[in-house]
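> show me the folded form of this:
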Amino acid sequence: MLKNTFLLSLIRCKSMQIEAVFNEMISNVMPNFDEEFKRVLDSYDNEILIKMINYAVGGGKRLRPLILVLINKNLGERFDVSYASFSIELMHNLSLIHDDFIDKEEIRRSRVPFYKIYGYENALLVTDYIFGIVIDLINQYKIPEVIDTLAKTSIKMSEGELEELSLFNNKENISLKEYLRVINYKTASLFGAAAKLGALLSKSPQFTEKAYYFGENLGIIYQIKDDIKDKKHLFNELINKLKPEEQKSLNEIVEKSYNDAIKYLKEFPQNEYHKMLLDLTDLLFNA
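Model (predicted):
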């Protein structure tokens with residue numbers, strides 16, 4: 001028992017150190033994100049729905065907006081990326097609302113899931129409203145490729161959610177290929193979109209493709225690491241349907257994604273934001 005307690009303490013200590021570094025990074029590059037995000041949300045008319053959305057977006061890491069902002073600053077700021085970063089964070093939270101009531105989660109990151117407070121009906125209604133805000137915000141740029149990026153990402157995320165649901169309900173075991181396709185569509189696509197938007201709205205849009213693949217690999221690292229942690233205490237996780245020998249190969253996939261992310265990042269301009277992107281990649285890999 002003492003040994004287990006000691007190990008848990010080490011894990012918590014490591015998590016706290018990682019969170020501290022991450023929070024410092026946020027405060028350096030987007031210090032007013034939450035205040036501006038709330039101000040923009042509150043500018044929409046429906047007070048009831050906005051109150052619900054403010055609950056849904058509360059307490060998030062803001063990881064995806066951070067990737068977008070860092071890429072944009074690394075490549076040279078051409079547009080104000082606030083609306084793009086808010087759109088990415090809204091899409092992430094929209095997917096969490098869906099995930100929680102589909103998976104019937106009782107708690108998420110120490111917070112009560114949206115549907116447990118507001119009900120299934122409101123969960124469906126508010127996600128429609130969120131998507132409307134996303135379209136409104138991203139349309140401010142009047143750049144077809146920016147709008148197209150979010151549209152295609154939304155399609156991918158929905159397909160990934162549907163495939164995960166089908167695999168979970170209809171298969172006792174799943175293949176590694178099936179698992180990776182789900183996390184690629186559900187999670188990595190939004191990480192990739194965040195990085196891509198940062199490049200598209202920069203002074204160096206020629207880095208758009210490399211930015212997408214960099215972000216996509218970060219998403220794979222993040223999701224596999226998160227799933228490995230969750231599988232220890234949650235039974236309704238897709239990772240538990242992988243055969244033991246395939247679960248063992250996940251660390252190799254994380255390492256490959258890390259090396260690929262670093263490979264793409266080496267081609268980006270060398271500046272203080274490049275160093276922060278390297279630090280962020282290391283942070284996610286070592287989480």
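> what about residue 118, how many residues nearby?
18 (other C-beta atoms under 10 Å). C-betas here are computed from N, CA, C, even on glycine.
> confidence score at it?
Per-residue confidence (pLDDT) for residue 118: 90.
> outside of stretch 112-120, which residues touch it?
When contacts are defined by C-beta atoms under 8 Å, 6 or more residues apart in numbering, stretch 112-120 is touched by residues 52, 55-56, 96-97, 100-101, 105-107, 122-123, 126.
> list the buried residues in the strand or helix carrying residue 118.
Assigned by DSSP states H and E, residue 118 belongs to helix 114-138. Judged by neighbour count (16 or more other C-beta atoms under 10 Å), helix 114-138 contains these buried residues: 114-116, 118, 122-123, 126-127, 129-130, 133-134, 137-138.
> and those residues, which two are the farthest apart?
116 and 138 (29.7 Å; C-beta to C-beta).
> out of the buried residues of helix 114-138, who's nearest residue 149?
Using C-beta to C-beta, the buried residues of helix 114-138 come closest to residue 149 at residue 138, 8.6 Å.
> packing partners of the host helix or strand of residue 274?
Residue 274 belongs to helix 272-286 when elements are defined using DSSP H and E. If contacts are counted by 3 or more C-beta pairs under 8 Å, 6 or more residues apart in numbering; DSSP states H and E, helix 272-286 sits against helix 2-29, helix 63-75, helix 208-230, helix 250-265.
> now a ChimeraX select for only the buried ones of the contacts of stretch 112-120.
To isolate the buried subset of the contacts of stretch 112-120 in ChimeraX, counting by 16+ other C-beta under 10 Å, use the following:
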select :52,55,56,96,97,100,101,105,122,123,126
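> was I right to think residue 21 contacts residue 283?
Yes. If you go by C-beta atoms under 8 Å, residue 21 and residue 283 touch, sitting 6.1 Å apart.
> more neighbours: the two, which one.
For residue 21 versus residue 283, neighbours defined as other C-beta under 10 Å are more numerous around residue 283 (17 against 14).
> what separation do you get for residue 20 and residue 27?
Distance check for residue 20 against residue 27: by C-beta to C-beta, to the nearest Å, it reads 11 Å.
> do residue 69 as well
12 Å.
> of these two, who's got more company?
Taking neighbours as other C-beta under 10 Å, residue 69 and residue 27 compare with residue 69 leading, 25 against 11.
> for that one, what are its contacts?
29-30, 81, 85, 198.
> pick the one among those closest to residue 183.
For the contacts of residue 69, the nearest to residue 183 is residue 198 (21.5 Å; C-beta to C-beta).
> for the residue most central in space within the chain, give its distance to residue 258.
Geometric centre of the chain, nearest residue: residue 64, 5.1 Å, by C-alpha atoms, centre = their mean. Distance, residue 64 to residue 258, by C-beta to C-beta: 18 Å.
> stretch 88-103 - what's its average pLDDT?
What stretch 88-103 shows for mean pLDDT is 89.
> before I go, just wanted to say thanks for your time.
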